[in-house]
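**Q** Just a sequence and a predicted model for now, questions to come.
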Amino acid sequence: MYHYVDHFQTGPGPNQNLLQAVADTSEAGEHTDQDLHDSDWSEYMSLVDVPTATTAKFMFSPSHHHLEPSAYTTLAELKKMGSETALLKILQAECSVIGSSFTFAGSNRVTVKPSGHQLFAKLTTPAEQVLGEGESLKAMRAAFLTSGQTGTESLVPHVHACGEEADGRRAYLVTDWLELSPRIDRGAQRLLGKRLAYMHKNGTNKEGKFGFHVPTHCGATKQDNTWTASWTEFWGNRRIGDLVRRISASRKDSELEQLEEQLRTKYVASTFLDGQQAEELQTHERFSSSRVYPILLEPLEGKITPAILHGDLWSGNAGQDDATGSPMIFDSSYYGHNEAELGMMHMFGGFTADFFDAYHKVLPKFEPHYDQRIQLYELYHHLNHALMFGGSYRGGAISMMRSLVQYADRSAKAGL
């Protein structure tokens, strides 16, 4: 841990002092030059460009070679100070229409004066992910407003500012501040179902394709949002296939690769048999047309319109506004089949029959194979968790893939 000492005034100017950095490497406070790395100095120097009126005071004890515990700051604390100062500059430049001064009132919370309006503001890395969040919120809110609802009824907060710093390292996002309760009551469940369906119904794009105009993230995973005309191609290659390739690239997984192949190509019943056993099978038994994607996805082609989705809508990305009682969602997005939204909602639960009943009153289920298609959409999130965390998530994904292949095989043989 590094502590920055001496009295100094931050920001450029003739009175700015150099700071001494001390590495607190033992109980006695002993340190060496090697304890302070170039990366720490580089990070510090990127933080001190703040107004000269800002003064930080630190105390150093030469006799003990350490900072007094009552008066020192860590690199993390200095970093926070630098980020807040940079954010205040951004707020003054881009949000002056809603107030003349801005004061931090806690983590990421800003009070606007004289109105007293509350904002959420962050400046962080990676810039690409923050920009994706901002563009997602804008697209979802625009879709909701297009449905004829008012801004106060929107499922997503208003974005006041979003952009990146000149060097492209960090990006900022400023929205309305919301006091959210994680529990969504029955009335809000119904309202969420109805409003989300209207957002999906009205959230189309001029390209008429699936994808998004900037990269977005599902958790920590960057998503391939390349515009694609075919939903089968988009889901099969840019969602399921992409994750399987990433998992196998980090730790070769032949079983996962074979199952992914069976989702999109003819299911070879002899995959796990030896050569002699395979020869003894009839051709129609060895090669049945039990492909999953042609049964579950191809019938959608030309019948569905790309809809703006959240894409990672689990209970942790939704809440109920304490002030209005309205449900709210936040972050992530792309254009896809509206029912793909429901996959993640099934994975962890938290959404009741009240939600699904209200949703499908506006957007009826696409039959046949609705339940299995939702399972295919849920599979993406199991694979994503397997990529991020490994462990039991891989087993869950394998089980789901086998179940889908078996279902498709039965459906093909039954002529469904």
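**A** Yes, it's here. Residues are numbered from 1 along each chain as shown.

**Q** So what's the residue count around residue 202?
**A** Residue 202 is flanked by 17 other residues according to other CB atoms under 10 Å. Every residue, glycine included, has its C-beta placed from N, CA and C.

**Q** Pull up the gap between it and residue 193, please.
**A** Distance, residue 202 to residue 193, using CB to CB, to the nearest Å: 15 Å.

**Q** Just give me the longest helix of the protein.
**A** As assigned by DSSP state H, the longest helix anywhere in the chain is helix 392-414.

**Q** That helix packs against which elements?
**A** Packing partners of helix 392-414 (3 or more CB pairs under 8 Å, 6 or more residues apart in numbering; DSSP states H and E): helix 254-264, strand 267-268, strand 287-288, helix 292-296, helix 370-389.

**Q** Report the distance from it to the chain centre.
**A** Distance of helix 392-414 from its chain centroid, counting by CA atoms, centre = their mean, to the nearest Å, is 27 Å.

**Q** Need the residues that contact it.
**A** With contact meaning CB atoms under 8 Å, 6 or more residues apart in numbering, helix 392-414 is reached by 247, 253, 255-256, 259-260, 262-263, 267, 269, 288-292, 295-296, 369, 372, 375-376, 378-379, 382-383, 385-386.

**Q** domains of the protein?
**A** If you go by automatic domain parsing, the domain ranges for the chain are 2-73, 84-177, 186-414.

**Q** Export those as a markdown table, with columns for mean pLDDT.
**A** Output for those, formatted as a markdown table (pLDDT from 0 to 100):
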| stretch | mean pLDDT |
| --- | --- |
| domain 2-73 | 36 |
| domain 84-177 | 91 |
| domain 186-414 | 89 |
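
**Q** And the closest residue to residue 342 other than its chain neighbours, how far from residue 264?
**A** Residue nearest to residue 342 in three dimensions, not counting chain neighbours: residue 374, with 5.6 Å by CB to CB, 6 or more residues apart in numbering. As judged by CB to CB, residue 374 and residue 264 stand 18 Å apart.

**Q** Ok, residue 96 next?
**A** For residue 96, the distance to residue 264 - CB to CB - is 53 Å.

**Q** Between those two, tell me which one has more neighbours.
**A** Just comparing residue 96 and residue 264: by other CB under 10 Å the higher neighbour count belongs to residue 264, 18 against 12.

**Q** In contact with that one, which residues are there?
**A** 236, 241, 291-293.

**Q** Separate out the buried members of the contacts of helix 392-414.
**A** Taking 16 or more other CB atoms under 10 Å as the criterion, what is buried in these is 247, 253, 256, 259-260, 262-263, 267, 269, 288, 290-292, 295-296, 369, 372, 375-376, 378-379, 382-383, 385-386.

**Q** Could you tell me the phi and psi values at residue 305?
**A** Per-residue torsions, residue 305: phi -110, psi 130 (degrees, to the nearest 10).

**Q** can you count the residues close to it?
**A** Residue 305, neighbours per other CB under 10 Å, totals 14.

**Q** Three-state assignment for the closest residue to residue 182 other than its chain neighbours, please.
**A** Nearest non-adjacent residue to residue 182, counting by CB to CB, 6+ apart: residue 319, 5.6 Å away. Here residue 319 is recorded as strand under DSSP: H, G, I helix; E, B strand; the rest coil.

**Q** Residue 319 contacts residue 185, doesn't it?
**A** No. Applying CB atoms under 8 Å, one finds residue 319 not in contact with residue 185, separated by 11.4 Å.

**Q** what about those two, which has more around it?
**A** Shown here are residue 319 and residue 185; by other CB under 10 Å, residue 319 has more neighbours (20 against 14).

**Q** what sits against the closest residue to residue 298 other than its chain neighbours?
**A** Spatial nearest neighbour of residue 298, excluding adjacent residues (CB to CB, 6+ apart): residue 232 at 5.4 Å. Neighbouring residues of residue 232 by CB under 8 Å, 6+ apart: 293-294, 297-298, 300-301.
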